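K.L.:
Have a look; sequence and predicted model below, questions after that.
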Protein chains: 2
Amino acid sequence: MTRKPTKAAPAHAKNRMHDADAEVAPASNRATRAAERRHAIVEAAMEEFIARGFAATRLDDIAKRAGVAKGTIYLHFKDKESMFEELVRTVIVPVVARLNALPPPTGSVRDLIETFAGNFIKEVIGTRRGDLVRLIVAEGPRFPSVADFYYREVVSRGIAGMRALIELGIARGEIREKDLARYPQIMIAPAMIAVIWQSLFARHAPLDVQDMLRVHLDLIFGERRAT
Amino acid sequence: MTRKPTKAAPAHAKNRMHDADAEVAPASNRATRAAERRHAIVEAAMEEFIARGFAATRLDDIAKRAGVAKGTIYLHFKDKESMFEELVRTVIVPVVARLNALPPPTGSVRDLIETFAGNFIKEVIGTRRGDLVRLIVAEGPRFPSVADFYYREVVSRGIAGMRALIELGIARGEIREKDLARYPQIMIAPAMIAVIWQSLFARHAPLDVQDMLRVHLDLIFGERRAT
DNA sequence: TGACTGTGACTGACCAGTCAGTCATAAATG
DNA sequence: CATTTATGACTGACTGGTCAGTCACAGTCA
């Protein structure tokens, strides 16, 4: 909360924009300003929802964090519920886009998957994105539309992509266990566990995710030969 | 404070007992009755918390479901929060006890783990218990004491037990990947994923958990030889 | 100036937690 | 054993506070 509570200075209204945003151009154009505000709201809402869960999050807090009046939120979203749903979409879509941009299949399948795992660690584990995954697990059952969306856009695509990779690995003789193609979930499971572990138990027992995923890949591809 | 003086007419007082309770033995003894009620409250609370999450659950609903007045809840629990915490303890402890009762190490390690997986499927996957695990993942960050308890009583023990089993498997030559003992999480990951999958995505894509876990064990122990 | 965007005080519903009162049962008494 | 008294488990109407959503007004831009 960097905002000085002393409302003192409503004079220069633009100051309401918080510091992070203050740096971007003032954005004279109305539509641009509106988009910026919307973005600030989404950002703030994500923080709050992750920290408190859907039901316990107060719109007043989101508004304050976004540097906006509560009413403004309702100019952009119908209500709290649809804000949550839209927010998940908004945040997830770019991640999906990024994952679809897999590097061309030059190296071995193991290298491909290792790269993928590296990205996953960097982009998801221990970031807001990871918390978002936990949030979806937490609220999914109460928001079928969110769960549906997440399944359609992330899970089913991820599973399909991973399956293709596994089949390639089997065809090339890198992977022995042929049945693995039936359950790509097994490939992804330790990564998901890592996400959950980090947000629940890291305090008690830190987990070397990188190393764990390496061991898991050794299990699937056989011990790695000298690099 | 002015209690309606002429409260009149709770003439048919005994009718307050509702039908659900009428069926169980009247339980003449006071302490027994109290224990029964407490149990009914815990049971009802678990259902409600699982269905709605902590913040969105109303104590009125718990009371109604338990066939009890709201005030009664406060005779057994300090407040909503400590009710949630105690409830998690109450429900989890017997499960832990049961898991500690591992069969004696007669067969192979693989058989041992397969038995364990079978029990897990039967006792956890697709049951209230599974939902409870999801609930802990969901609410854990907001209830550090619950997360701590769960780590101490379930996770750390589970990990330790699994590690011992893995080491045995390595010593006996059943398991090749020696590093697996450093990350027992890998062994458990698919089972956890199954729990989450069932409650979020089963509707979209049912998962044959039994088969998936078998494939995962094949990965670790090598293809199963004819039984 | 007129149209549009943003504001925040306000409202009404909702709900955790309280407590004065009830009553079945247990204990004490004759 | 029958009757009276004491106990405390249980009840549910009520309170105080919270918060999603509204709207009359203020500010801003073209």
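P.N.:
Cool, got the structure. Here the structure is a predicted model, which is why all the values come from computation and not from measurement.

K.L.:
Helix or strand: which one has the most centrally placed residue in chain A?
P.N.:
Nearest to the mean C-alpha position of chain A, by Cα atoms, centre = their mean, lies A:Arg129 at 2.6 Å. For A:Arg129, the host element (DSSP states H and E) is helix A:128-139.

K.L.:
what's in contact with that helix?
P.N.:
Applying Cβ atoms under 8 Å, 6 or more residues apart in numbering or on different chains, the set of residues contacting helix A:128-139 from outside is A:46-47, A:49-50, A:53-54, A:84, A:88, A:91-92, A:95, A:123-124, A:146-147, A:150, A:192, A:195-196, A:198-199, B:53, B:134, B:137-139, B:141, B:196, B:200. Every C-beta, even on glycine, is put in place using the N, C-alpha and C of the backbone.

K.L.:
Pull out the buried members of those.
P.N.:
Listed as buried from those are A:46-47, A:49-50, A:53-54, A:84, A:88, A:91-92, A:95, A:124, A:146-147, A:150, A:192, A:195-196, A:198-199, B:53, B:134, B:137-139, B:141, B:196, B:200; burial here means 16 or more other Cβ atoms under 10 Å in any protein chain shown.

K.L.:
Distance-wise, check the residue nearest to the centre of chain A relative to DNA strand C.
P.N.:
Using Cβ to the nearest atom of the strand, to the nearest Å, A:Arg129 is found at 28 Å from DNA strand C.

K.L.:
how far away is that residue from chain B?
P.N.:
Distance, A:Arg129 to chain B, by Cβ to the nearest Cβ, to the nearest Å: 15 Å.

K.L.:
Kindly state the pLDDT recorded for A:Val93?
P.N.:
pLDDT recorded at A:Val93 is 85.

K.L.:
Distance check, the nearest residue to it once chain neighbours are set aside against A:Leu87.
P.N.:
Leaving aside its chain neighbours, A:Val93 sits nearest to A:Glu153 (7.2 Å; criterion: Cβ to Cβ, 6 or more residues apart in numbering or on different chains). Distance of A:Glu153 to A:Leu87, computed by Cβ to Cβ, to the nearest Å: 14 Å.

K.L.:
okay, these two: which has more neighbours?
P.N.:
Between A:Glu153 and A:Leu87, A:Leu87 has the larger neighbour count (other Cβ atoms under 10 Å in any protein chain shown), namely 20 against 16.

K.L.:
where does the more buried one fall, phi/psi-wise?
P.N.:
Backbone torsions for A:Leu87, taken as degrees, to the nearest 10, come to phi -60, psi -50.

K.L.:
so what's it up against?
P.N.:
A:42, A:45-46, A:49.

K.L.:
Among these, which ones lie close to chain B?
P.N.:
For chain B, no contacts are drawn from those by Cβ under 8 Å from any Cβ of the partner chain.

K.L.:
for the residues you listed, which one is nearest chain B?
P.N.:
A:Phe49 (11.7 Å; Cβ to the nearest Cβ).

K.L.:
buried sites along the biggest helix by length in chain A?
P.N.:
Scanning chain A for the longest helix, with DSSP state H as the assignment, gives helix A:30-52. In terms of neighbour count (16+ other Cβ under 10 Å), helix A:30-52 has its buried residues at A:36-38, A:40-50.

K.L.:
Can you name the next helix or strand after that helix?
P.N.:
helix A:59-66.

K.L.:
Check which helices and strands that next one sits against.
P.N.:
Applying 3 or more Cβ pairs under 8 Å, 6 or more residues apart in numbering or on different chains; DSSP states H and E, we find helix A:59-66 packed against helix A:30-52, helix A:70-76.

K.L.:
The residue of chain A found nearest DNA strand C and chain B: what is the separation?
P.N.:
Going by Cβ to the nearest atom of the strand, DNA strand C is nearest to A:Gly71 of chain A, at 2.0 Å. Using Cβ to the nearest Cβ, A:Gly71 is found at 24 Å from chain B.

K.L.:
Next SSE downstream of the one helix or strand A:Val95 maps to?
P.N.:
Following DSSP H and E, the helix or strand that holds A:Val95 is helix A:80-100. Next in sequence after helix A:80-100, counting helices and strands by DSSP H and E, comes helix A:109-123.

K.L.:
Near DNA strand D, which residues of chain A are found?
P.N.:
Selection of chain A residues close to DNA strand D by Cβ under 7 Å from any atom of the strand yields A:13, A:28-30, A:57-60, A:70-71, A:74, A:79-81.

K.L.:
Mind picking the one among the residues you listed that's closest to B:Asp111?
P.N.:
A:Thr57 (48.2 Å; Cβ to Cβ).

K.L.:
Residue in chain A with the shortest distance to chain B?
P.N.:
Going by Cβ to the nearest Cβ, chain B is nearest to A:Ala138 of chain A, at 3.2 Å.

K.L.:
Show me the shaky parts of chain A.
P.N.:
By pLDDT under 70, the weakly predicted segments of chain A are A:1-28, A:100, A:102-105, A:225-227.

K.L.:
The helix holding A:Val95: which residues count as buried?
P.N.:
Applying a neighbour-count criterion of 16+ other Cβ under 10 Å, one finds A:80, A:83-88, A:91-92, A:95, A:99 buried in helix A:80-100.

K.L.:
Over to stretch A:174-181?
P.N.:
A:174-175, A:177, A:179-181.

K.L.:
and those residues near chain B, which?
P.N.:
Restricting the buried residues of stretch A:174-181 to those near chain B - Cβ under 8 Å from any Cβ - leaves A:177, A:179-180.
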